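A.B. asks: sequence and predicted model, in that order:
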Amino acid sequence: MISLNQKKNKLILLLSVILLSACDSDTMYHSFLHVSKEGWKKSDTLTFKAPITDSLATYRISVEVRNRIDYPYRNLCLFISHNTQDSTVFVTDTIQYSLADESGKWLGTGVGNLYQSACSYTFIAPKRSGNLTFKLSHGMMDNVLIGINDVGIEIKRKK
């Protein structure tokens, strides 16, 4: 049984990590969308609109997932689309995201029944300022996927 002090310490640690990661000056965009507790429907698409103001930079795009311990698989298949320079054409990729190792140990960081991990997706070098749109949906066999809490996109200026 975890004591109240241990729970408080874990909560303080989690909040500290979140606040410190938000202080990164290279981060241009970082946002999460919540997935319903009832599950992520195959037909549900999560859409992120990220303003890009520096057209001379190259950006690293990462996908982040917060999963609960009731997630039934080790991996997560994601379909991710993003718009190209003319904003009307979308490029779609499939990524395999590992959430647990072969022994079932959750990857990333976690407190209690929630774990967060990140997967580097791609690099983008926009030729002009504007909005980048990212659309994510899951590619798992389940029509309703349980255990995914939040999905996020992080865009950082490449050093």
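C.D. replies: In hand now; what should we look at?
A.B. asks: C-alpha from now on. contacts and neighbour counts both.
C.D. replies: Fine.
A.B. asks: just give me the residue right at the centre of this structure.
C.D. replies: By CA atoms, centre = their mean, the chain has its centre lying nearest to residue 64, at 2.0 Å.
A.B. asks: contact partners for it?
C.D. replies: 116-119, 151-154 (CA atoms under 8 Å, 6 or more residues apart in numbering).
A.B. asks: mind listing which of those are in strands?
C.D. replies: Within the contacts of residue 64, residues falling in strands by DSSP state E are 116-119, 151-154.
A.B. asks: and of the residues you listed, the nearest to residue 49?
C.D. replies: Using CA to CA, residue 153 comes nearest to residue 49 of the ones in strands among the contacts of residue 64, at 9.7 Å.
A.B. asks: tell me the most packed of the ones in strands among the contacts of residue 64, by neighbour count.
C.D. replies: For these, counting by other CA atoms under 10 Å, the largest number of neighbours falls to residue 153: 25 neighbours.
A.B. asks: right, and that residue touches residue 66 too?
C.D. replies: No. If you go by CA atoms under 8 Å, residue 153 and residue 66 don't touch, sitting 11.7 Å apart.
A.B. asks: now tabulate the contacts of residue 64 in a markdown table and tack on pLDDT and distance to residue 132.
C.D. replies: Formatted as a markdown table, the contacts of residue 64 follow (pLDDT from 0 to 100; distance: CA to CA, whole Å):
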| residue | pLDDT | distance to residue 132 |
| --- | --- | --- |
| 116 | 96 | 24 |
| 117 | 95 | 23 |
| 118 | 94 | 20 |
| 119 | 92 | 19 |
| 151 | 97 | 17 |
| 152 | 97 | 14 |
| 153 | 96 | 11 |
| 154 | 96 | 12 |
